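Colleague: Build the 3D model from these lines:
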Amino acid sequence: MHVTKTRTWRHLDFFEHQTYLHGRIPWIICSKCGVREVNVPWVREKSGFTLFI
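Modeller: Predicted structure coming up:
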């Protein structure tokens, strides 16, 4: 069984429409830091916004 967490990030607006990214992010077991979420390339750690804002 794969453990995932659904996350939502705020992205740049598309004209007057608010834009959000939704994704299921898997958890991994790291030998150094234990169980944690996989880092995703479009967001800073612990941020609710994409890197493009």
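Colleague: Each with direction, which strands does whichever strand in the chain runs longest pair with?
Modeller: Counting by DSSP state E, the longest strand found in the chain is strand 17-30. Using DSSP bridges, strand 17-30 pairs in its sheet with strand 4-14 (antiparallel), strand 34-37 (antiparallel).
Colleague: And those strands: which comes nearest Ser47?
Modeller: Evaluated with C-beta to C-beta, the strands paired with strand 17-30 place strand 4-14 nearest to Ser47, the distance being 7.6 Å. For the C-beta atoms, the positions are set from N, CA and C on the backbone; glycine is no exception.
Colleague: how about low-confidence regions in the protein?
Modeller: Low-confidence segments of the chain, defined by pLDDT under 70: 1, 53.
Colleague: For Trp9, the count of nearby residues, please.
Modeller: Neighbourhood size, Trp9 [other C-beta atoms under 10 Å]: 19.
Colleague: now Val3
Modeller: 10.
Colleague: Nearest residue to Arg7 in space, ignoring adjacent ones along the chain?
Modeller: Distances taken as C-beta to C-beta, 6 or more residues apart in numbering place Ile25 nearest to Arg7, at 5.3 Å, with adjacent residues excluded.
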